[in-house]
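Trainee: Below: sequence and its predicted model.
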Amino acid sequence: MASQNDQSNNDLDANQGGDATKKTYNKQPTGLAAKTAQSHADEKELKLYGSCFCPFVHRVWISLEHKKLDYQYVEVDVYRKPKLLLDINPRGLVPALRHGEWGCYESTVLMEYLEDLQQGPNLLPMDPKLRAQSRLWSDHINRHIIPLFYHYLQAQELSDQKKHATELTNQIATLVSAADPTGPFFMGKDMTFVDVQMAPWIVRLEKVLKPYRGWPEPEPGSRWEKWVRAIQGNEAVKATTSDDQLYLDSYQRYAENRPHTSQVQAAINGGKGLP
């Protein structure tokens with residue numbers, strides 16, 4: 001018969017490393033995100049399968065809220081990989097979207113799919129050149145900014161943290177230099193595709209990198225500050241963002257570079273692209 005301690009260890013998440021005092025990922029949204037999830041709990045043809053701490057899920061959720069689509073939010077424990085998730089994405093990663101009998105995954109692909117439904121306010125501009133520009137700078141976020149966010153957060157040596165902080169700052173500056181000079185959003189007065197691509201990491205710069213790595217506040221009066229404040233004040237972003245404690249708890253494992261944290265953490269440590 002298993003001892004009480006054995007049973008307790010079995011109940012731990014793998015990324016707690018056998019230590020029950022270690023924080024792990026949250027399994028339900030909190031704050032305004034919890035209210036939004038509850039208001040979208042009823043059965044719908046369009047379903048978002050997500051995990052509340054995941055920034056890639058956050059992108060798609062913001063898109064759904066921005067467009068005011070009729071959808072169902074389904075919180076899944078991505079580390080347990082339920083069958084309903086594996087049926088859509090055999091790798092068991094979120095976000096995943098089911099629309100009737102059809103399912104798909106990958107956050108940018110799902111954002112594009114929601115655009116193609118032609119329901120609610122557009123995020124991609126109508127002008128083909130501006131659409132191409134949107135995709136170009138979204139690619140910059142995915143290729144350069146997101147990996148550096150994780151490199152910086154997972155780095156344990158101070159010298160590595162300083163190096164990645166500088167690299168991340170430079171890549172954000174490159175992105176901001178391409179933004180509409182007046183703003184407040186990337187392409188002007190309205191939130192568009194690039195804003196939603198970047199929004200979850202703007203949220204996490206404040207709620208994760210600031211407490212764990214001392215990420216600074218935007219310089220007052222800068223174009224970067226104007227963009228950050230516009231993202232933070234957007235209703236779709238606020239409605240899908242949990243309380244600060246959820247992010248502190250869920251990202252402690254990254255800040256400690258704890259084994260078994262996620263496929264993203266393992267890819268960053270292994271010098272590979274994001275999964």
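Mentor: That came in fine, so what should we check first?
Trainee: hang on, Asp243 packs against Asn26?
Mentor: No: applying C-beta atoms under 8 Å as the test, Asp243 and Asn26 come out as separate, 9.7 Å apart. No exception for glycine: its C-beta is placed from N, CA and C like everyone else's.
Trainee: More neighbours: the two, which one.
Mentor: Per other C-beta atoms under 10 Å, whichever of Asp243 and Asn26 has more neighbours is Asn26, with 19 against 15.
Trainee: Can you list the low-confidence ranges for the stretch 1-150 of the chain?
Mentor: Low-confidence segments of the stretch 1-150 of the chain (pLDDT under 70): 1-22.
Trainee: if you set the cut-off to 90 instead, what comes out?
Mentor: 1-26, 78-81 (pLDDT under 90).
Trainee: which residues in it form helices?
Mentor: For the stretch 1-150 of the chain, the helices defined by DSSP state H, counting those that start in this stretch occupy 4-11, 31-39, 55-67, 83-86, 107-116, 128-140, 146-154.
Trainee: Could you tell me the angle between whichever helix or strand comes after the last one and helix 128-140?
Mentor: Tracing the chain C-terminally past helix 146-154 and defining elements by DSSP states H and E, one meets helix 158-177 next. Regarding helix 158-177 and helix 128-140, their directions subtend 180 degrees when assessed with axes from the mean of the first three to the mean of the last three C-alpha atoms, to 10 degrees.
Trainee: mind checking how far helix 158-177 is from the chain centre?
Mentor: The chain centroid and the centroid of helix 158-177 are separated by 19 Å, computed with C-alpha atoms, centre = their mean, to the nearest Å.
Trainee: Check which helices and strands the helix or strand following that helix is in contact with.
Mentor: For helix 158-177, the following helix or strand on the C-terminal side (DSSP H and E) is helix 193-204. Here helix 193-204 touches helix 55-67, helix 107-116, helix 128-140, helix 146-154, helix 223-233, helix 244-255, going by 3 or more C-beta pairs under 8 Å, 6 or more residues apart in numbering; DSSP states H and E.
Trainee: Quick check, central residue of the chain?
Mentor: For the chain, Pro55 is the residue whose C-alpha lies nearest the centre (C-alpha atoms, centre = their mean; 0.9 Å).
Trainee: wait, that one sits on Pro200?
Mentor: Yes: using C-beta under 8 Å, Pro55 is in contact with Pro200, at 3.5 Å.
Trainee: From Gln232, how far out is Lys210?
Mentor: Distance, Lys210 to Gln232, using C-beta to C-beta, to the nearest Å: 13 Å.
Trainee: actually Leu205, not the one I typed
Mentor: For Leu205, the distance to Gln232 - C-beta to C-beta - is 10 Å.
Trainee: between these two, who's got more neighbours?
Mentor: Leu205 (22 against 14).
Trainee: which ones are touching Thr241?
Mentor: 31-33, 58, 203 (C-beta atoms under 8 Å, 6 or more residues apart in numbering).
Trainee: Gln263: neighbouring residues, count only.
Mentor: 14.
Trainee: Fine by me, we can end here.
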